[in-house]
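Engineer: Could you look at this predicted model? Sequence included:
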Amino acid sequence: MPLTELWNSAQQELQEKQVQQIIAFAGDGKLRDGSIASFEFRSFLALVPSKLLARYANECLTDKFDGSGLALQDVINEVGKRLGFKVEQGRYRGIQGEIGFDGL
């Protein structure tokens, strides 16, 4: 079940989860460029209240976990959208021959 559907059916339960637990529910649980997990996580972030974005950012900065920097990138891009910026999602990791950026 996609994260957005989980949010719509079980908001209270998901609000109690840490960001790395939320990511584990998305796709295969690994944030990668072009992955279903990445798409689901970004869609989920667009739905949650701003107070959760702040908590997720803090967790990414204080709790080291696999992909914490990638999750932080997505959280900050969502904050930018909410502040009224036009955000273009970037790559998590650069690859040779393509322009790499976290988000514009």
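Structural biologist: Yep, it's here. Numbering: from 1, shown residues only.

Engineer: list the contacts for E40?
Structural biologist: Residues near E40 by CB atoms under 8 Å, 6 or more residues apart in numbering: 2-4, 26-27. Where you see a C-beta, it was placed from the backbone N, CA and C, and this is true even at glycine.

Engineer: In strands only, show me those.
Structural biologist: Among the contacts of E40, DSSP state E puts none in strands.

Engineer: Can you show me the helices along this protein?
Structural biologist: 3-9, 11-15, 19-25, 36-45, 50-62, 68-82 (DSSP state H).

Engineer: which residues of the chain score low on pLDDT?
Structural biologist: Applying pLDDT under 70 to the chain flags residues 94-104.

Engineer: could you redo the last one with a cut-off of 90?
Structural biologist: 1-2, 64, 87-104 (pLDDT under 90).

Engineer: CSV for the helices of the chain, including distance to R91?
Structural biologist: What follows is these, written out as CSV (distance: least, CB to CB, whole Å):
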stretch, distance to R91
helix 3-9, 21
helix 11-15, 27
helix 19-25, 17
helix 36-45, 10
helix 50-62, 18
helix 68-82, 10
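
Engineer: To E88, which of these lies closest?
Structural biologist: E88 lies closest, by CB to CB, to one member of the helices of the chain: helix 68-82, at 8.7 Å.

Engineer: Contacts made by the closest one with the rest, please.
Structural biologist: By CB under 8 Å, 6+ apart, helix 68-82 touches 19-20, 23, 31, 38, 41-42, 45-46, 50, 53, 56-57, 59-61, 87, 89-90, 92, 102-103.

Engineer: Just the buried residues of those.
Structural biologist: 19-20, 23, 31, 38, 41-42, 45, 53, 56-57, 59-60, 87, 89-90, 92, 102-103 (16 or more other CB atoms under 10 Å).
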